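K.L.:
Any chance you could fold what I've pasted below:
(one chain, ligands or ions: 2)
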Amino acid sequence: LALRAAAAIVDELARSGVRHACVCPGARSAPLALALAAHEGIHDWVVTDERSAGFFALGMARQLGEAVALVCTSGTAAANLLPAVAEAFLSEVSLVVLTADRPPELRDCGAPQTIDQIHLYGSHVRWSVDLPGPCADIDLDAHTRTMVCRAVSHAAGVPRGPVHLNVPLREPLVPAEPAALFRFSRAGTPPFVRVADVIQAPDARTIDDLVALAAEHERGLVVAGPRAGISRPEALASLATRLAWPLLADPLSGLRFGTAAGDQADGYDLLLRDPDFRSARPDVVLQLGALPVSRALQTYLAAERAAHHIVITSPGTWPDPLHAASLVIHAAADAVVSALLDRVAPRAPSPWYAGWRHASRVVRAAVADRLESEAALFEGKVFPTLLETLPAGTVLHVGNSMPVRDLDTFGAASARAVCVAGNRGANGIDGVLSSALGAAATSAHPVVLVVGDLSFLHDVGALQIAARHGLRAVVVVVNNDGGGVFSFLPQARYGAVFERHFGTPHGFALAPMVEAAGGRFRRIDNWAAFRDAIRVALGAPGLDVVEVPSNRRENVRLHRSYVATARHALAARRRREAAA
Ligand SMILES: Cc1ncc(C[n+]2csc(CCOP(=O)(O)OP(=O)(O)O)c2C)c(N)n1
Ligand SMILES: [Mg+2]
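P.N.:
Numbers count the residues shown, from 1 in each chain. Ligands and ions are numbered 1, 2, ... in the order given. Next comes the predicted model:
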């Protein structure tokens, strides 16, 4: 019976379009594992550590833009999936989590490896169900299949996210014969239930209001954050150009690198740290998706509250931590953009528009000039160097903490289409390597991860995934021996207690860890060696880890001096303009 239920579940996953499953070993989950192993339409990726497995599946699902199944046994195994489930919920990634469980008669009575798994992930899933245990008296096939279709539709619907199927399984859990056949539907069989999700286009009145606002206000900004939901970057770029509103695109918006690159004020993070520049207030902010990572931009938007702050976002989400929104539009961003493109009249470039773009170019040029000749292994130079080296199409995964911020600050917009990804839902430093490996497992293009040393160590167990599956990936570890981000905070002055509680130096050698998992390791000590290491790694199979040594205190000093470089360049421009 358990095997029949598992076969129905797996069959229905495949019929619903699931092509990849990440499976963690266990006895209770054996029926699901065996059924997945037997199904030819689903690739079963075996990962032993559930926490890594969760993030690995997340990385695959994000890369593919489709639902990925995630299977584990009962007990704490299921609890270990929570971090990835929470990230998937917040970053809108489709995961179908299947946790094997004891049947009801064995719960809460001291049965081994049993915890309360019902609604285990709380409000971090789009939907969850505790399936009835397989039972001889009634035929549950239609129910099981319906539940799977429903689960996949919730996971892949709008917004995407994780769902949880708790699957009670009664013994016997394995067939009498190892080769016992599971019967599956023929490839291409439609799902048991087809679900048609209707995505709401914005209503005419909302578009009318936006068109009127656009006509009325010259001082607007288009702010594209993570999950901007734009599939045609050039459409958004032309809208911004037509409105003559500067486009500020976060590196995770999908707009910074590629076709929209020429039309941005991409130096905004440096620009907005200049108090003189900051005094300009926008009348309208058109925000797509989440708030960008740039602290300077967040501070600016919070301080200079625009009279009209419009947020376009997925239904059910509310990405407005500044409480600045005056209008929230729950609709597909692409639809809003194309409706506006049809309607708004082109505006002649205004001083507002020219001012932003020119200032952005000034800071970018000044910083690029200085970076060019920067011999020190400054963390801010990692991304500009990579962006010159990586072939178009590369998936650039960025870790949280400083890497994502450095990409924002120092990664100038360019026409080379690099796809940036990262766990910017819950911003954890956990599971970063696993997520990047998930992308590597499913991407036709090279995957390069830039990650801090503590984040790397947090997920060092993921090296097993790379080894077990022979994955090809390049991992750049920016090793500043601890949490570099904390050195920018006021507690950095506290001395020993700062080092013990925030800096947390470890002194670990990374090479033996990488080599134990069959990866290649290289520690570089100059930029030419870095470029060379990346080039070699991109052409090689397997896992390459390139360590860039850094120093937390020196990094803060350099960071601040680059901000000063940008400010001086702006001041010099102002003086030149005043003189002219
Ligand atoms: C799971 C998790 N635990 C703790 C944190 C808090 N945290 C944010 S950044 C950071 C330090 C990260 O250090 P590292 O990865 O070396 O990056 P760096 O700051 O040096 O760039 C910590 C502990 C977090 N974001 N996620
Ligand atoms: Mg660090």
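K.L.:
if I look at residue 376, how far off is ligand 2?
P.N.:
Here residue 376 is placed at a distance of 17 Å from ligand 2 (CB to the ion, to the nearest Å). (Each C-beta comes from the backbone N, C-alpha and C, glycine too.)
K.L.:
mind checking the SS state of that residue?
P.N.:
Following DSSP: H, G, I helix; E, B strand; the rest coil, we place residue 376 in the coil state.
K.L.:
Count residues in the vicinity of the residue lying closest to it once chain neighbours are set aside, would you?
P.N.:
Excluding the flanking residues, the one nearest residue 376 by CB to CB, 6 or more residues apart in numbering is residue 558, at 6.7 Å. Residue 558 has 19 neighbours, counted by other CB atoms under 10 Å.
K.L.:
For the helix or strand that contains residue 558, which helices and strands make contact with it?
P.N.:
Counting by DSSP states H and E, the element that carries residue 558 is helix 552-579. Other elements packing on helix 552-579 under the criterion 3 or more CB pairs under 8 Å, 6 or more residues apart in numbering; DSSP states H and E are helix 268-271, helix 275-278, helix 351-372, helix 402-410.
K.L.:
In a strand, residue 286, correct?
P.N.:
Yes: according to three-state DSSP, residue 286 belongs to a strand.
K.L.:
Spit out the contact partners of it.
P.N.:
Residues counted as contacts of residue 286 (CB atoms under 8 Å, 6 or more residues apart in numbering) are 220-223, 245, 310, 312.
K.L.:
thinking again about what came up before, the residue nearest to residue 376 and residue 377 touch, don't they?
P.N.:
No: at 9.8 Å, residue 558 and residue 377 do not qualify as touching, with contact defined as CB atoms under 8 Å.
K.L.:
where exactly do the strands run in the stretch 301-450 of the chain?
P.N.:
Taking DSSP state E, counting those that start in this stretch to define them, one finds strands in the stretch 301-450 of the chain at 308-313, 327-330, 395-398, 419-421, 447-452.
K.L.:
circling back to that earlier point, pick out the shakiest of the helices and strands packed on helix 552-579, pLDDT-wise.
P.N.:
Lowest mean pLDDT within those: helix 275-278, at a mean of 86.
K.L.:
Provide the secondary structure category for the residue nearest to residue 81 when sequence neighbours are not counted.
P.N.:
Leaving out its chain neighbours, the residue that sits closest to residue 81 by CB to CB, 6+ apart is residue 54, at 4.2 Å. Classification of residue 54 using three-state DSSP returns helix.
K.L.:
looking at the helices and strands packed on helix 552-579, which is closest to residue 530?
P.N.:
helix 351-372 (13.1 Å; CB to CB).
K.L.:
Pull stretch 304-313 out as CSV, backbone CA atoms only.
P.N.:
Below are the C-alpha coordinates for stretch 304-313, written out as CSV (Å, rounded to 0.1, in the frame of the first residue of the first chain):
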residue,chain,number,x,y,z
GLU,A,304,12.9,61.8,1.0
ARG,A,305,9.4,60.2,1.1
ALA,A,306,7.9,60.6,-2.3
ALA,A,307,4.3,61.8,-2.5
HIS,A,308,3.6,58.8,-4.7
HIS,A,309,5.4,55.6,-4.0
ILE,A,310,4.0,52.8,-6.1
VAL,A,311,4.9,49.2,-5.5
ILE,A,312,4.3,46.6,-8.2
THR,A,313,4.5,43.1,-6.7
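K.L.:
And it, what's buried?
P.N.:
304, 306, 308-313 (16 or more other CB atoms under 10 Å).
K.L.:
sorry, back to before: the residue nearest to residue 81 contacts residue 79, doesn't it?
P.N.:
No: assessed by CB under 8 Å, residue 54 is found out of contact with residue 79, at 10.6 Å.
K.L.:
When those two are compared, which one has more neighbours?
P.N.:
For residue 54 and residue 79, the more surrounded residue by other CB under 10 Å is residue 54, and the numbers stand at 32 against 16.
K.L.:
Residue ranges in the chain under the pLDDT threshold?
P.N.:
Along the chain, the parts satisfying pLDDT under 70 run over 179-180.
K.L.:
Mind listing the residues bridging to whichever residue of it sits closest to ligand 1?
P.N.:
Using CB to the nearest ligand atom, residue 452 is the residue of the chain that sits closest to ligand 1, at 2.2 Å. Residues in a beta bridge with residue 452, per DSSP bridges, are residue 478.
K.L.:
burial count for it?
P.N.:
The number of residues packed near residue 452 is 25, by other CB under 10 Å.
K.L.:
Then residue 528?
P.N.:
Counted by other CB under 10 Å, the residues lying close to residue 528 total 9.
K.L.:
what's the answer for residue 188, then?
P.N.:
7.
K.L.:
Name the SS class of it, please.
P.N.:
With three-state DSSP as the basis, residue 188 sits in coil.
K.L.:
quick one on the thing from earlier: for the residue of the chain closest to ligand 1, list the residues it contacts.
P.N.:
By CB under 8 Å, 6+ apart, the residues touching residue 452 are 399, 401-403, 429, 477-480, 483-485.
K.L.:
picking that back up, who wins for proximity to residue 579 among the helices and strands packed on helix 552-579?
P.N.:
Using CB to CB, the nearest of those to residue 579 is helix 351-372, at 15.8 Å.
K.L.:
what's the closest one in contact with?
P.N.:
218-219, 244-246, 264-268, 270-271, 277, 280, 378, 380-381, 384, 410, 412, 562, 565-566, 568-570, 573.
K.L.:
Just the buried residues out of the residues you listed, in ChimeraX syntax.
P.N.:
Of those, the buried ones can be selected in ChimeraX as follows, counting by 16+ other CB under 10 Å:
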select :218,219,244,245,246,264,265,266,267,268,270,271,277,378,380,381,384,410,412,562,565,566,569,570,573
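K.L.:
of the helices and strands packed on helix 552-579, which approaches ligand 2 most closely?
P.N.:
Proximity to ligand 2 (CB to the ion) singles out helix 402-410 among those, at 7.1 Å.
K.L.:
What residues does this structure have near ligand 1?
P.N.:
Neighbours of ligand 1 within the chain, by CB under 6 Å from any ligand atom: 400-402, 427-430, 452-455, 480, 483-485.
K.L.:
Thank you kindly, that will do.
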